[in-house]
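[1] Provided below are the primary sequence and the corresponding predicted coordinates.
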Amino acid sequence: RRSSDLPPVKPMFLGIKVLEDYDLERLSNYIDWKPFFDVWQLRGKYPNRGFPKIFNDSTVGEEAKRVFNDSQVLLKALIREKKLHAKGIVGFWPAQSVQDDIYVYAEGTQPQSTDPIAVFYGLRQQSEKDSACTDPYYCLSDFVAPESSGVRDYLGLFAVACFGVDDLSKEYESKCD
């Protein structure tokens, strides 16, 4: 959303929440399969380039479906046998933009009357555009209410990691798999 559009929605909580042993079954619904097919050098031709359209590609569709089905069997086994564990962290903080930067404030503070606890320095899009193009060069700060607006806005951050991969990799290597 652009900062000039709808008013910001206050998050359900401010601060940090840690997610221990997150449900991999639930997380698996969000896997981006494109890199998987890229590693297998299975690239469909437009319009069948992305997942799941790649299955319709006349050249690689059949092989893509085969390796995908194999991956689903392995993924379900890894989840069932609890070979991997996902952990995550999510946080929300009051934030305001100042030009191309995003200032982050401690929870419970008034942004206009205190110093930020962190600053994310922004960079505008660098891609060259056609001289006739009137599209702006966006920066992440364009999507956070400016400090001068007086509108309270927020920044959310998250990270997810999968644990157990090293041990699992060693197990497969020992079996030459």
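    Structure's in. What do you need?
[2] How many neighbouring residues does Leu24 have?
    Neighbourhood size, Leu24 [other Cβ atoms under 10 Å]: 18. Any C-beta I mention is one placed from the backbone N, CA and C, and that applies to glycine too.
[3] now swap in Phe13 and tell me
    When neighbours are defined as other Cβ under 10 Å, Phe13 has 11 of them.
[4] Could you say whether it sits in a helix, a strand or coil?
    For Phe13, the assignment made with DSSP: H, G, I helix; E, B strand; the rest coil gives coil.
[5] Name the nearest residue to it, ignoring sequence neighbours.
    Closest residue to Phe13 apart from its sequence neighbours, by Cβ to Cβ, 6 or more residues apart in numbering: Phe92 at 6.5 Å.
[6] looking only at pLDDT, what's the mean for whichever strand or helix holds that neighbour?
    For Phe92, the enclosing helix or strand under DSSP states H and E is strand 85-98. The average pLDDT within strand 85-98 is 96.
[7] for that strand, packing partners?
    When contacts are defined as 3 or more Cβ pairs under 8 Å, 6 or more residues apart in numbering; DSSP states H and E, strand 85-98 packs onto strand 15-22, helix 24-28, strand 101-104, strand 153-163.
[8] Could you check the pLDDT of Asp142?
    Asp142 is assigned 95 on the pLDDT scale.
[9] just Tyr46 next, same as before
    On the pLDDT scale, Tyr46 gets 66.
[10] all numbers from here: first residue = 133
    All set: I'll call the first residue 133, so the last point we hit is now Tyr178.
[11] quick one on the thing from earlier: quick check: angle from the strand holding Phe224 to strand 285-295?
    Per axes from the mean of the first three to the mean of the last three Cα atoms, to 10 degrees, the angle that strand 217-230 makes with strand 285-295 is 160 degrees.
[12] can you pull the buried residues of stretch 167-186?
    169, 174, 176, 180, 186 (16 or more other Cβ atoms under 10 Å).
[13] Can you add distance to Gly240 and secondary structure and give these back as a markdown table?
    Shown next, in a markdown table, are these (distance: Cβ to Cβ, whole Å; DSSP: H, G, I helix; E, B strand; the rest coil):
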| residue | distance to Gly240 | secondary structure |
| --- | --- | --- |
| Phe169 | 47 | helix |
| Leu174 | 51 | coil |
| Gly176 | 51 | coil |
| Asn180 | 52 | coil |
| Ile186 | 49 | helix |
